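Student: Turn this into a structure:
(one chain, ligands or ions: 2)
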Amino acid sequence: MKRGFEIVSKYSEKNLTLPYRTTEHAAGYDFESAEDFVVPSIWKLNFLKVLWAIKHEKTVQEETIDQAKKILKPFLIPTGIKSYMQPDEVLIIANRSSNPLKRGLVIPNGIGVIDSDYYNNDGNEGEIFVQILNFGISDIKIKKGERIAQGIFMPYLLADQDDQQKKQTRNGGFGSSGK
Ligand SMILES: O=c1ccn([C@H]2C[C@H](O)[C@@H](COP(=O)(O)OP(=O)(O)OP(=O)(O)O)O2)c(=O)[nH]1
Ligand SMILES: [Mg+2]
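Tutor: Ligands and ions are numbered 1, 2, ... in the order given. As a prediction, this is how the structure comes out:
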């Protein structure tokens, strides 16, 4: 077994599809959403109120700011998928090019980097999530089974100093290794 995909345990009964390539020479394995989801547009009233207040140097209620922050926070779309690969390989998660064009959906981290030591980690079993922000004017409904992003396996290289640098064991993602 060199590299591939598996369904994480909590989705074992949910009838998920493993990521797949749609054409003979497609580089990316398309990932589907594991659940129905609504990604709210960032252009909500509370967000606009905050922008207006900044522009006019007015103060805004804390509650309004908190709600605006929530809207601006990227959503984590669950895929229910984990990926195993060789230690010198990485899975790059990239947006589908049609997402910003048709639905205003961007991946705010640019690309997602799925490390080989993320697989089966103690924290979340290595489930891959896709960060999404909706800069369009409408809320976007994502249905379970809809393709949301693509994963590309790549080899990576080490720097000369690498073996002198301390490493830790991965036990999660999204900031689990500290600040
Ligand atoms: O779009 C993404 C990006 C990352 N990850 C997972 C897999 C990856 O191995 C782990 C850590 O990602 P990264 O190193 O890019 O994030 P970090 O902020 O540095 O977190 P950490 O401190 O856990 O390394 O989070 C995802 O599920 N989706
Ligand atoms: Mg990291």
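Student: Contact residues of the chain facing ligand 1?
Tutor: Contact residues (Cβ under 6 Å from any ligand atom) of the chain with ligand 1: 93, 109, 112-115, 118, 128-131, 172-177. Placement of C-beta: from N, CA and C, glycine included.
Student: What subset of those residues is buried?
Tutor: Buried by 16 or more other Cβ atoms under 10 Å: 93, 112, 114-115, 118, 128-131, 173, out of these.
Student: Among these, which lie within helices?
Tutor: Among those, no member falls in helices (criterion: DSSP state H).
Student: Now those in a markdown table, please, with extra columns for pLDDT.
Tutor: Output for those, formatted as a markdown table (pLDDT from 0 to 100):
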| residue | pLDDT |
| --- | --- |
| I93 | 98 |
| G112 | 98 |
| I114 | 98 |
| D115 | 98 |
| Y118 | 98 |
| I128 | 98 |
| F129 | 98 |
| V130 | 98 |
| Q131 | 97 |
| G173 | 85 |
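Student: quick revisit: from the residues of the chain next to ligand 1, which ones fall inside strands?
Tutor: 93, 112-115, 129-131 (DSSP state E).
Student: ok, of those, which one's closest to ligand 1?
Tutor: For those, the closest approach to ligand 1 (Cβ to the nearest ligand atom) belongs to G112, at 2.2 Å.
Student: which SS class is N99?
Tutor: Under DSSP: H, G, I helix; E, B strand; the rest coil, N99 falls in the helix class.
Student: you'd agree it is up against Q150?
Tutor: No: in this structure N99 lies outside contact range of Q150 using Cβ atoms under 8 Å: 10.2 Å.
Student: ok, those two, which is more surrounded?
Tutor: Q150 (21 against 18; other Cβ atoms under 10 Å).
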